[in-house]
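Q: Any chance you can model this:
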Amino acid sequence: MQDQTIFAMATPPGRSAIAVCRISGPATRGAVLRLAGRVPAPRQAQLSRLAHPLSGETIDEAVVLFFPGPRSYTGEDCAELQVHGGRAVSRTLIEALGSLGLRPAEPGEFTRRAFLNDKLDLAEAEGVADLVDAETEFQRRQALRQLEGRLSRQVEAWRSELIRLRAQLEAELDFADEGDVAELMISNIIIDDARQLSRELHLALQHARTGERLRDGLRIVIAGAPNAGKSTLLNTLAGRDIAIVSEHPGTTRDALEVHLDLGGYPVTVTDTAGLRPSDDPIERIGMDRALAHAAACDLVLWLLEPGSGATAPPVFAGSAEVWTLATKCDIAPAPASAKLGISATTGIGLDRLECEMQAFARQRLETGGEVPALTRERHRQALAAAAAALERVVAGPRLPPEVLAEEIRVAQNAVGRIAGRVDVEDVLGEIFSRFCIGK
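A: Have a look, this model is predicted:
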């Protein structure tokens, strides 16, 4: 499909100051010539009157840029048309490009072409998508590091080391009868090197969930008995009314979520139904959902209302940390069992709670920089497969060299899939389908 020329609006639909249309493919130069009357010098902005190629009617005055391949984002001839941001202008421009035989781009097709033309590897392309989706400062930093190739360079270093080990083993196989190949010595060196590389992969896997969590955000659940102040706390953290606050127990029947930027860390806070004995089937569904959210989150804020009589939170399934917060502490002092006393009405303890939550997020989401972040499950699965193959090499030093070479080949291919250094056609559609249209 790379012989086709594609186009798409790279800016969201709606009213704005400008809208940017991108074009990529072999017919780009001709399309710009038909629309603008002339093609600007490479990478130089040109103010042009865009005319419809069929009617000759003026579409808009636009800033036109032309990027000849291979020195472009996709590696092909590319152009950008910066027009006024009204819906009618964009709609007419799209219709005009379609009349020239160009086709609308599929989601992620510009970046996919960049990957296919060796302008980006697969991990860097995923960094592009993450940078577009980044909502917090630390998400931006992680995505930018991946786009700049930090993960790719580490993966390539691992892959190069595996290629070296495999070459040594194959030399042992090919020249086993030659006097200048010390079989035992080479095998021992290979096993030692495989053991060291296995340690590096396991270290990266220990921090694998951190990159995914930073990309997707930590999950914090607010739980407690009815009228403990859960919805009030959610609204306070969000800075706006998300949940209905009522003195009547059981007002919250379902889980309500809000996405927060907590000091640069992405966090999803969920308000849940109050937990209490009940025969109401609808309320019980809400409580079951509350328990399911608590089991899948990173932190549970267990709210304790003054005079409730309860002191300890229930045992939640999963591995979430649980903090007991005494609410309405402007009315009654917090019990000694509570981590913190808060009052959403007066603001007591809320600043400290936010600081504690930021510290929790920092602890869970920062790796210390010793290993690059693995931001997707496919990264983790590929690295786990490579580590497992190396473990088999280390555990079987007396295996035939042919078997050891095959295990190293398996590890090499698994690592290579992270950056797309081996055949990954089966995952390309899944990855690029999640991009926005103009990327």
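
Q: Is residue 30 part of a helix or strand, or is it coil?
A: At residue 30 the chain is in helix, as set by DSSP: H, G, I helix; E, B strand; the rest coil.

Q: Setting aside sequence neighbours, what's the nearest residue to it?
A: Using CB to CB, 6 or more residues apart in numbering and skipping residues adjacent in sequence, the residue nearest residue 30 is residue 100, 7.7 Å away. In this view, the C-beta of every residue, glycine as well, is placed from N, C-alpha and C.

Q: pLDDT at that neighbour, what is it?
A: On the pLDDT scale, residue 100 is placed at 95.

Q: roughly how far apart are it and residue 363?
A: 55 Å (CB to CB, to the nearest Å).

Q: Looking at those two, which is more packed in?
A: residue 100 (16 against 9; other CB atoms under 10 Å).

Q: Give me the phi and psi angles of the more buried one.
A: Note on residue 100: its backbone torsions stand at phi -90, psi 0 [degrees, to the nearest 10].

Q: oh, and call the first residue 715 from now on, that's how I've got it
A: Yes, from this point I'll number from 715; that puts the last item at residue 814.

Q: was I right about it contacting residue 767?
A: Yes. Here residue 814 reaches residue 767: they are 5.8 Å apart, a contact under CB atoms under 8 Å.

Q: Mutual contacts of these two, please.
A: residue 748 (CB atoms under 8 Å, 6 or more residues apart in numbering).

Q: Report the separation between residue 942 and residue 1041.
A: In terms of CB to CB, residue 942 sits 6 Å off from residue 1041.

Q: Common neighbours of the two, please.
A: Common contacts of residue 942 and residue 1041 (CB under 8 Å, 6+ apart): 1017-1019.

Q: And for residue 914, nearest residue in space, chain neighbours not counted?
A: Residue 914 sits nearest to residue 872 (CB to CB, 6+ apart), 7.1 Å away.

Q: residue contacts, the one you found?
A: So residue 872 contacts 911, 914-915, 1100, 1129 (CB under 8 Å, 6+ apart).

Q: same thing with residue 1010?
A: 933, 1032.

Q: Can you give me the distance of it to residue 1031?
A: Applying CB to CB to residue 1010 and residue 1031 gives a distance of 9 Å.

Q: And the strands in the stretch 1015-1153 of the chain, which stretches?
A: Remark: strands assigned in the stretch 1015-1153 of the chain by DSSP state E, counting those that start in this stretch are 1035-1040, 1054-1055.

Q: Pull the longest one out as PDB, backbone CA atoms only.
A: Read that as strand 1035-1040. Taking C-alpha atoms only, strand 1035-1040 is exported to PDB below (Å, rounded to 0.1, in the frame of the first residue of the first chain):
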ATOM      1  CA  GLU A1035      -1.700  -1.100  50.100                       C
ATOM      2  CA  VAL A1036      -4.500   0.100  52.500                       C
ATOM      3  CA  TRP A1037      -4.500   3.400  54.300                       C
ATOM      4  CA  THR A1038      -7.100   4.200  57.100                       C
ATOM      5  CA  LEU A1039      -8.200   7.800  56.900                       C
ATOM      6  CA  ALA A1040     -10.500   9.200  59.700                       C
END
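
Q: beta partners of residue 795?
A: residue 735, residue 778 (DSSP bridges).

Q: so how many other residues sit close to it?
A: 26.

Q: these two touch, right, it and residue 734?
A: Yes. Applying CB under 8 Å, one finds residue 795 in contact with residue 734, separated by 7.2 Å.

Q: Please compute how far the helix or strand where residue 874 lies lies from its chain's middle.
A: Secondary structure from DSSP states H and E places residue 874 in helix 864-888. A distance of 28 Å separates the C-alpha centroid of helix 864-888 from that of its chain, computed with CA atoms, centre = their mean, to the nearest Å.

Q: Beyond that helix, next helix or strand please.
A: helix 897-920.

Q: okay, the angle between that next one and helix 864-888?
A: 160 degrees (axes from the mean of the first three to the mean of the last three CA atoms, to 10 degrees).

Q: taking the mean pLDDT, what do you get for helix 897-920?
A: 80.

Q: can you pull the buried residues of it?
A: By neighbour count on 16 or more other CB atoms under 10 Å, the buried set for helix 897-920 is 901, 904-905, 907-908, 911-912, 914-915, 918-919.

Q: Stretch 1009-1022 too?
A: 1011-1020.

Q: Hmm, which of the shared contacts of residue 942 and residue 1041 is lowest in pLDDT?
A: Among the shared contacts of residue 942 and residue 1041, residue 1019 has the lowest pLDDT, at 83.

Q: Show me the helices in the stretch 715-864 of the chain, by range?
A: Applying DSSP state H, counting those that start in this stretch to the stretch 715-864 of the chain gives helices spanning 742-750, 801-813, 823-830, 836-847, 851-861, 864-888.

Q: helices or strands up against the fifth one?
A: Meaning helix 851-861. If you count contacts as 3 or more CB pairs under 8 Å, 6 or more residues apart in numbering; DSSP states H and E, helix 851-861 packs onto helix 836-847, helix 922-930, strand 979-985.

Q: With that, I have no additional questions.
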